[in-house]
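> Mind folding the following:
(one chain, ligands or ions: 1)
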Amino acid sequence: MEKPYFRKDLLSTLEGKTPARIPVGTFTTAPVLDLMDLSGAARPEADSQPEKMAVLAFSQYANASFETLRYPFDTVVLGEALGCTIDPGTKARTPAVLSGPLDSSSVVPELPADLLERGRIPAVLQATEILREKAGSNLPLIVGMEGPADLATYLCGATRFLKWTIKRPHIITRLVELCTDACILYARECLKRGADVVVIADAVSSPDMISPDAFRSLIKPGMARIPKALGGGKSVLHICGAADSIIYDMAECGFDGLSLEEGIKDLKSAVHTAHEAGAAVIGNVSTSRTLFAGKPEDVKREAFECLQMGVDVLAPGCGLAPETPLKNLKALVEARNEFCGRK
Ligand SMILES: [Zn+2]
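Numbering: from 1, shown residues only. The predicted model follows:
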(Lines give C-alpha, C1' and ligand atoms only; values in the text may rest on other atoms or scores of the structure.)
Protein backbone atom coordinates (compact mmCIF):
# COMPACT_ATOMS: atom_id res chain seq x y z
CA MET A 1 0.00 0.00 0.00
CA GLU A 2 1.41 3.30 -1.12
CA LYS A 3 0.04 5.72 1.47
CA PRO A 4 1.39 4.75 4.84
CA TYR A 5 0.42 7.90 6.68
CA PHE A 6 -3.35 7.49 7.13
CA ARG A 7 -3.17 5.43 10.29
CA LYS A 8 -0.34 7.50 11.74
CA ASP A 9 -2.16 10.77 10.97
CA LEU A 10 -5.40 9.57 12.51
CA LEU A 11 -3.82 8.20 15.66
CA SER A 12 -1.75 11.33 16.20
CA THR A 13 -4.90 13.44 15.68
CA LEU A 14 -6.56 11.44 18.47
CA GLU A 15 -3.49 12.09 20.61
CA GLY A 16 -4.07 15.82 20.24
CA LYS A 17 -1.16 16.35 17.85
CA THR A 18 -1.32 18.14 14.52
CA PRO A 19 -1.05 15.62 11.67
CA ALA A 20 0.45 16.27 8.22
CA ARG A 21 -3.11 16.44 6.83
CA ILE A 22 -6.54 16.50 8.45
CA PRO A 23 -7.85 12.92 8.16
CA VAL A 24 -11.10 12.22 6.29
CA GLY A 25 -13.23 9.12 6.73
CA THR A 26 -16.05 7.83 8.87
CA PHE A 27 -16.52 6.84 12.50
CA THR A 28 -20.18 6.01 12.00
CA THR A 29 -21.64 3.19 9.88
CA ALA A 30 -21.07 3.43 6.13
CA PRO A 31 -22.47 0.41 4.28
CA VAL A 32 -23.76 2.27 1.24
CA LEU A 33 -25.24 0.31 -1.68
CA ASP A 34 -22.69 1.67 -4.17
CA LEU A 35 -19.84 0.21 -2.08
CA MET A 36 -21.67 -3.13 -1.79
CA ASP A 37 -22.02 -3.28 -5.58
CA LEU A 38 -18.43 -2.27 -6.29
CA SER A 39 -16.86 -4.56 -3.70
CA GLY A 40 -19.09 -7.58 -4.29
CA ALA A 41 -19.72 -7.84 -0.54
CA ALA A 42 -23.25 -6.90 0.47
CA ARG A 43 -25.40 -7.17 3.53
CA PRO A 44 -26.93 -9.13 5.08
CA GLU A 45 -23.96 -11.51 4.48
CA ALA A 46 -21.44 -8.74 5.24
CA ASP A 47 -23.05 -8.34 8.66
CA SER A 48 -22.19 -11.89 9.72
CA GLN A 49 -19.51 -13.37 7.44
CA PRO A 50 -16.05 -12.15 8.46
CA GLU A 51 -14.51 -12.21 4.96
CA LYS A 52 -17.39 -10.23 3.46
CA MET A 53 -17.40 -7.82 6.41
CA ALA A 54 -13.69 -7.19 5.79
CA VAL A 55 -14.16 -6.70 2.03
CA LEU A 56 -17.00 -4.19 2.51
CA ALA A 57 -15.04 -2.34 5.21
CA PHE A 58 -11.97 -2.17 2.97
CA SER A 59 -14.03 -0.78 0.09
CA GLN A 60 -14.43 2.43 2.10
CA TYR A 61 -10.76 3.02 1.30
CA ALA A 62 -10.54 1.23 -2.05
CA ASN A 63 -13.66 2.77 -3.62
CA ALA A 64 -14.41 5.95 -1.66
CA SER A 65 -10.81 6.95 -0.74
CA PHE A 66 -11.79 7.18 2.94
CA GLU A 67 -8.84 6.95 5.29
CA THR A 68 -10.66 4.79 7.84
CA LEU A 69 -11.89 1.18 7.79
CA ARG A 70 -15.09 1.38 9.83
CA TYR A 71 -17.00 -1.81 10.68
CA PRO A 72 -19.31 -3.62 11.46
CA PHE A 73 -22.28 -2.03 9.67
CA ASP A 74 -24.93 -2.09 12.36
CA THR A 75 -25.15 -1.29 16.06
CA VAL A 76 -26.95 -4.30 17.48
CA VAL A 77 -24.10 -6.82 17.77
CA LEU A 78 -23.88 -6.58 21.57
CA GLY A 79 -27.66 -6.51 21.93
CA GLU A 80 -27.91 -9.74 19.96
CA ALA A 81 -25.14 -11.32 22.08
CA LEU A 82 -27.04 -10.37 25.25
CA GLY A 83 -30.20 -12.12 24.13
CA CYS A 84 -32.17 -9.68 21.98
CA THR A 85 -34.11 -11.05 19.01
CA ILE A 86 -32.85 -9.46 15.80
CA ASP A 87 -34.35 -8.73 12.41
CA PRO A 88 -31.30 -9.46 10.22
CA GLY A 89 -32.35 -6.83 7.65
CA THR A 90 -31.72 -6.83 3.91
CA LYS A 91 -29.21 -5.26 1.54
CA ALA A 92 -30.74 -1.82 2.09
CA ARG A 93 -32.01 -2.31 5.63
CA THR A 94 -29.83 -2.44 8.74
CA PRO A 95 -30.27 -5.22 11.34
CA ALA A 96 -32.53 -4.07 14.15
CA VAL A 97 -33.69 -5.27 17.57
CA LEU A 98 -37.19 -6.79 17.65
CA SER A 99 -37.41 -7.67 21.34
CA GLY A 100 -35.20 -7.86 24.40
CA PRO A 101 -34.90 -10.19 27.41
CA LEU A 102 -36.08 -7.48 29.85
CA ASP A 103 -39.22 -6.57 27.91
CA SER A 104 -41.29 -8.36 30.56
CA SER A 105 -38.84 -8.77 33.43
CA SER A 106 -37.00 -6.30 35.63
CA VAL A 107 -34.29 -8.68 36.86
CA VAL A 108 -30.97 -7.48 35.46
CA PRO A 109 -28.87 -10.53 34.52
CA GLU A 110 -25.16 -11.03 35.17
CA LEU A 111 -22.66 -10.50 32.37
CA PRO A 112 -22.47 -13.87 30.57
CA ALA A 113 -19.04 -15.52 30.87
CA ASP A 114 -19.17 -16.59 27.21
CA LEU A 115 -20.14 -13.14 25.86
CA LEU A 116 -17.31 -13.08 23.31
CA GLU A 117 -18.49 -16.36 21.81
CA ARG A 118 -22.08 -15.22 21.34
CA GLY A 119 -23.98 -14.04 18.27
CA ARG A 120 -21.90 -12.20 15.69
CA ILE A 121 -19.09 -11.15 18.08
CA PRO A 122 -16.76 -13.93 16.81
CA ALA A 123 -17.41 -12.72 13.22
CA VAL A 124 -16.46 -9.13 14.09
CA LEU A 125 -13.31 -10.32 15.87
CA GLN A 126 -12.32 -12.46 12.89
CA ALA A 127 -13.01 -9.57 10.47
CA THR A 128 -10.70 -7.47 12.67
CA GLU A 129 -7.86 -9.94 12.16
CA ILE A 130 -8.48 -10.11 8.39
CA LEU A 131 -8.54 -6.32 8.11
CA ARG A 132 -5.39 -5.88 10.21
CA GLU A 133 -3.59 -8.28 7.90
CA LYS A 134 -4.93 -6.50 4.79
CA ALA A 135 -4.31 -2.95 6.02
CA GLY A 136 -0.94 -3.61 7.64
CA SER A 137 0.06 -0.54 9.59
CA ASN A 138 -1.19 1.83 6.91
CA LEU A 139 -4.92 2.23 7.54
CA PRO A 140 -6.71 2.58 10.87
CA LEU A 141 -9.32 0.00 11.90
CA ILE A 142 -12.33 1.68 13.51
CA VAL A 143 -14.68 -0.74 15.25
CA GLY A 144 -18.07 0.57 16.33
CA MET A 145 -20.56 -0.67 18.90
CA GLU A 146 -23.70 0.44 20.66
CA GLY A 147 -23.03 2.33 23.90
CA PRO A 148 -24.40 1.50 27.37
CA ALA A 149 -27.65 3.48 27.08
CA ASP A 150 -28.48 2.16 23.60
CA LEU A 151 -27.71 -1.38 24.72
CA ALA A 152 -29.84 -0.99 27.85
CA THR A 153 -32.68 0.27 25.66
CA TYR A 154 -32.38 -2.79 23.42
CA LEU A 155 -32.60 -5.07 26.46
CA CYS A 156 -35.67 -3.54 28.09
CA GLY A 157 -37.36 -1.55 25.30
CA ALA A 158 -37.38 2.23 24.83
CA THR A 159 -40.61 2.86 26.74
CA ARG A 160 -39.47 0.97 29.84
CA PHE A 161 -36.00 2.52 29.67
CA LEU A 162 -37.36 6.07 29.59
CA LYS A 163 -39.93 5.30 32.32
CA TRP A 164 -37.35 3.63 34.56
CA THR A 165 -34.92 6.57 34.27
CA ILE A 166 -37.55 8.56 36.16
CA LYS A 167 -39.42 6.01 38.29
CA ARG A 168 -36.90 3.23 38.94
CA PRO A 169 -33.43 4.74 38.46
CA HIS A 170 -31.85 1.99 40.61
CA ILE A 171 -32.71 -0.58 37.90
CA ILE A 172 -31.24 1.69 35.21
CA THR A 173 -28.05 2.04 37.25
CA ARG A 174 -27.70 -1.76 37.44
CA LEU A 175 -28.61 -2.21 33.79
CA VAL A 176 -26.18 0.47 32.59
CA GLU A 177 -23.47 -1.13 34.74
CA LEU A 178 -24.03 -4.47 32.99
CA CYS A 179 -24.08 -2.81 29.56
CA THR A 180 -20.92 -0.82 30.29
CA ASP A 181 -19.14 -4.02 31.37
CA ALA A 182 -20.26 -5.70 28.13
CA CYS A 183 -18.92 -2.77 26.04
CA ILE A 184 -15.58 -2.89 27.87
CA LEU A 185 -15.11 -6.65 27.52
CA TYR A 186 -15.94 -6.59 23.80
CA ALA A 187 -13.94 -3.41 23.09
CA ARG A 188 -10.84 -4.78 24.81
CA GLU A 189 -11.00 -7.94 22.70
CA CYS A 190 -11.42 -5.93 19.46
CA LEU A 191 -8.31 -3.91 20.35
CA LYS A 192 -6.41 -7.08 21.24
CA ARG A 193 -7.22 -8.58 17.83
CA GLY A 194 -5.93 -5.52 15.99
CA ALA A 195 -8.51 -2.69 15.98
CA ASP A 196 -7.06 0.80 16.45
CA VAL A 197 -10.08 2.76 17.65
CA VAL A 198 -13.31 1.81 19.41
CA VAL A 199 -16.35 4.01 18.74
CA ILE A 200 -19.09 3.95 21.33
CA ALA A 201 -22.31 5.13 19.64
CA ASP A 202 -25.06 6.11 22.02
CA ALA A 203 -28.13 7.70 20.46
CA VAL A 204 -30.19 7.35 23.64
CA SER A 205 -27.70 9.49 25.63
CA SER A 206 -28.63 12.46 23.43
CA PRO A 207 -30.48 15.36 25.09
CA ASP A 208 -33.07 14.71 22.36
CA MET A 209 -33.85 11.44 24.22
CA ILE A 210 -33.04 11.84 27.93
CA SER A 211 -32.42 14.93 30.04
CA PRO A 212 -28.83 16.13 30.55
CA ASP A 213 -29.33 15.46 34.28
CA ALA A 214 -30.33 11.84 33.60
CA PHE A 215 -27.26 11.48 31.38
CA ARG A 216 -25.03 12.86 34.14
CA SER A 217 -26.42 10.76 36.97
CA LEU A 218 -27.27 7.49 35.21
CA ILE A 219 -25.08 7.10 32.11
CA LYS A 220 -21.96 9.24 32.51
CA PRO A 221 -20.38 7.33 35.44
CA GLY A 222 -20.32 4.13 33.34
CA MET A 223 -19.36 5.95 30.15
CA ALA A 224 -16.34 7.46 31.91
CA ARG A 225 -15.15 3.97 32.87
CA ILE A 226 -14.81 2.87 29.23
CA PRO A 227 -11.77 4.87 27.98
CA LYS A 228 -9.83 4.10 31.17
CA ALA A 229 -10.49 0.37 30.81
CA LEU A 230 -9.03 0.09 27.30
CA GLY A 231 -5.38 -0.13 28.27
CA GLY A 232 -4.24 2.74 26.07
CA GLY A 233 -6.42 1.78 23.07
CA LYS A 234 -8.05 4.77 21.40
CA SER A 235 -11.72 5.51 21.93
CA VAL A 236 -14.32 7.85 20.48
CA LEU A 237 -17.77 8.73 21.80
CA HIS A 238 -20.59 9.40 19.30
CA ILE A 239 -23.80 10.93 20.61
CA CYS A 240 -26.50 12.00 18.15
CA GLY A 241 -28.54 15.16 17.90
CA ALA A 242 -28.23 18.50 19.66
CA ALA A 243 -25.65 17.37 22.21
CA ASP A 244 -24.56 20.96 23.08
CA SER A 245 -25.80 20.77 26.67
CA ILE A 246 -23.72 17.66 27.44
CA ILE A 247 -20.56 18.39 25.44
CA TYR A 248 -18.67 19.28 28.61
CA ASP A 249 -19.76 15.98 30.20
CA MET A 250 -18.91 13.99 27.08
CA ALA A 251 -15.46 15.57 27.03
CA GLU A 252 -15.02 14.84 30.72
CA CYS A 253 -15.57 11.10 30.14
CA GLY A 254 -12.02 10.90 28.82
CA PHE A 255 -12.47 9.69 25.23
CA ASP A 256 -9.77 10.58 22.70
CA GLY A 257 -12.37 11.95 20.32
CA LEU A 258 -16.00 13.08 20.17
CA SER A 259 -18.02 12.32 17.04
CA LEU A 260 -20.77 14.89 16.63
CA GLU A 261 -23.81 15.21 14.42
CA GLU A 262 -24.96 18.22 12.44
CA GLY A 263 -27.68 18.63 15.09
CA ILE A 264 -25.06 20.40 17.23
CA LYS A 265 -26.13 24.03 17.43
CA ASP A 266 -22.77 25.63 18.16
CA LEU A 267 -20.00 23.55 16.62
CA LYS A 268 -17.33 26.15 17.30
CA SER A 269 -17.84 26.15 21.05
CA ALA A 270 -18.24 22.34 21.06
CA VAL A 271 -14.80 22.12 19.40
CA HIS A 272 -13.41 24.52 21.98
CA THR A 273 -14.83 22.53 24.91
CA ALA A 274 -13.57 19.23 23.48
CA HIS A 275 -10.09 20.62 22.85
CA GLU A 276 -9.88 22.04 26.38
CA ALA A 277 -10.43 18.49 27.65
CA GLY A 278 -7.92 17.05 25.17
CA ALA A 279 -10.48 15.40 22.86
CA ALA A 280 -10.43 15.67 19.06
CA VAL A 281 -13.68 16.44 17.21
CA ILE A 282 -14.94 14.25 14.39
CA GLY A 283 -17.75 15.28 12.07
CA ASN A 284 -20.11 16.53 11.04
CA VAL A 285 -21.46 16.79 7.52
CA SER A 286 -25.20 16.08 7.53
CA THR A 287 -25.92 12.50 6.52
CA SER A 288 -29.59 13.06 5.68
CA ARG A 289 -29.76 16.56 4.26
CA THR A 290 -26.40 16.70 2.49
CA LEU A 291 -24.63 13.36 1.97
CA PHE A 292 -27.85 11.50 1.15
CA ALA A 293 -29.95 14.14 -0.58
CA GLY A 294 -27.45 16.80 -1.65
CA LYS A 295 -25.11 17.25 -4.60
CA PRO A 296 -21.29 16.95 -4.42
CA GLU A 297 -21.01 20.75 -4.31
CA ASP A 298 -23.36 20.85 -1.28
CA VAL A 299 -21.16 18.26 0.45
CA LYS A 300 -18.06 20.33 -0.28
CA ARG A 301 -19.64 23.55 0.98
CA GLU A 302 -20.71 21.95 4.25
CA ALA A 303 -17.38 20.14 4.63
CA PHE A 304 -15.56 23.48 4.33
CA GLU A 305 -17.79 24.94 7.04
CA CYS A 306 -16.94 22.03 9.36
CA LEU A 307 -13.22 22.41 8.67
CA GLN A 308 -13.42 26.16 9.27
CA MET A 309 -15.11 25.49 12.62
CA GLY A 310 -12.10 23.41 13.57
CA VAL A 311 -13.10 19.74 13.27
CA ASP A 312 -10.03 17.51 13.54
CA VAL A 313 -11.36 14.68 11.36
CA LEU A 314 -13.73 15.40 8.47
CA ALA A 315 -16.51 12.81 8.56
CA PRO A 316 -20.25 12.22 8.19
CA GLY A 317 -22.18 13.41 11.25
CA CYS A 318 -23.92 10.07 11.81
CA GLY A 319 -24.54 6.72 10.09
CA LEU A 320 -24.89 6.94 6.30
CA ALA A 321 -28.15 6.01 4.61
CA PRO A 322 -27.63 2.97 2.33
CA GLU A 323 -28.74 4.99 -0.71
CA THR A 324 -26.08 7.69 -0.14
CA PRO A 325 -24.35 8.16 -3.53
CA LEU A 326 -20.67 7.31 -3.79
CA LYS A 327 -19.93 10.62 -5.54
CA ASN A 328 -20.93 12.42 -2.33
CA LEU A 329 -18.48 10.34 -0.28
CA LYS A 330 -15.78 11.19 -2.79
CA ALA A 331 -16.75 14.87 -2.55
CA LEU A 332 -15.97 14.72 1.16
CA VAL A 333 -12.43 13.58 0.39
CA GLU A 334 -12.05 16.21 -2.36
CA ALA A 335 -13.19 18.92 0.08
CA ARG A 336 -10.48 17.92 2.55
CA ASN A 337 -7.89 17.87 -0.26
CA GLU A 338 -8.88 21.33 -1.41
CA PHE A 339 -9.04 22.74 2.12
CA CYS A 340 -5.65 21.38 3.08
CA GLY A 341 -4.17 22.44 -0.26
CA ARG A 342 -5.21 26.00 0.39
CA LYS A 343 -3.75 26.22 3.87
ZN1 LIG B 1 -25.69 9.70 15.44
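> Enumerate the residues of this protein near the ion.
Along the chain, the residues adjacent to the ion under the rule C-beta under 5 Å from the ion are 240, 261, 318. Just so you know, the C-beta spots here come from the backbone N, C-alpha and C atoms, and that holds for glycine as well.
> Just say helix, strand or coil for the last one.
On the three-state scheme (DSSP: H, G, I helix; E, B strand; the rest coil), C318 is labelled coil.
> what about it, neighbour count?
Neighbours of C318 under the rule other C-beta atoms under 10 Å: 27.
> Quick one: residues contacting it.
28, 238, 240, 261, 287 (C-beta atoms under 8 Å, 6 or more residues apart in numbering).
> can you rerun that using 6 Å?
Taking C-beta atoms under 6 Å, 6 or more residues apart in numbering as the criterion, C318 is in contact with 28, 240, 261, 287.
> now the residue nearest to the third one when sequence neighbours are not counted: how far from S206?
The reference is to E261. For E261, the nearest residue in space outside its immediate sequence neighbours is G317; the separation is 4.0 Å by C-beta to C-beta, 6 or more residues apart in numbering. Distance, G317 to S206, by C-beta to C-beta, to the nearest Å: 12 Å.
> ok, those two, which is more surrounded?
G317 (27 against 20).
> Name the nearest of the contacts of C318 relative to V197.
When the contacts of C318 are compared for distance to V197 (C-beta to C-beta), T28 comes out closest, at 12.4 Å.
> State the pLDDT value of the closest residue to the closest one other than its chain neighbours.
Taking C-beta to C-beta, 6+ apart, and ignoring the residues beside it in sequence, T28 has G319 as its nearest neighbour in space, at 4.6 Å. The predicted local distance difference test score for G319 is 95.
> burial count for G25?
Counted with other C-beta under 10 Å, G25 comes out at 28.
> so who does it touch?
If you count contacts by C-beta under 6 Å, 6+ apart, G25 has them with 66-68, 315.
> now the residues you listed: which count as buried?
In terms of neighbour count (16 or more other C-beta atoms under 10 Å), the buried residues within those are 66-68, 315.
> Restricted to helices, list these.
Secondary structure from DSSP state H places none of these in helices.
> And G119, how far from the ion?
23 Å (C-beta to the ion, to the nearest Å).
> Now for that residue, how many residues are close by?
Per other C-beta under 10 Å, the neighbour tally for G119 reads 19.
> Go ahead and confirm it touches L82.
No. Counting by C-beta atoms under 6 Å, G119 sits too far from L82 to count as a contact (8.4 Å).
> quick one, helices of the stretch 101-250 of the chain?
121-135, 148-156, 158-167, 169-193, 212-214, 220-223, 225-228, 247-252 (DSSP state H, counting those that start in this stretch).
> Can you pull out the low-pLDDT segments for this protein?
1-4, 342-343 (pLDDT under 70).
> Give me the distance between the closest residue to I171 other than its chain neighbours and the ion.
Nearest in space to I171, with sequence neighbours left out and distances taken as C-beta to C-beta, 6+ apart, is W164 at 5.2 Å. Separation of W164 from the ion (C-beta to the ion) stands at 23 Å.
> Now do the residue nearest to S288 when sequence neighbours are not counted: how many residues are near it, please.
Closest residue to S288 in three dimensions, ignoring its sequence neighbours and counting by C-beta to C-beta, 6+ apart: A321, at 6.9 Å. By other C-beta under 10 Å, 16 other residues sit near A321.
> Who does G144 form a beta bridge with?
Here G144 sits in beta bridges with V199, going by DSSP bridges.
> shouldn't it be in contact with V197?
No. Judged on C-beta under 6 Å, G144 makes no contact with V197 at a distance of 9.2 Å.
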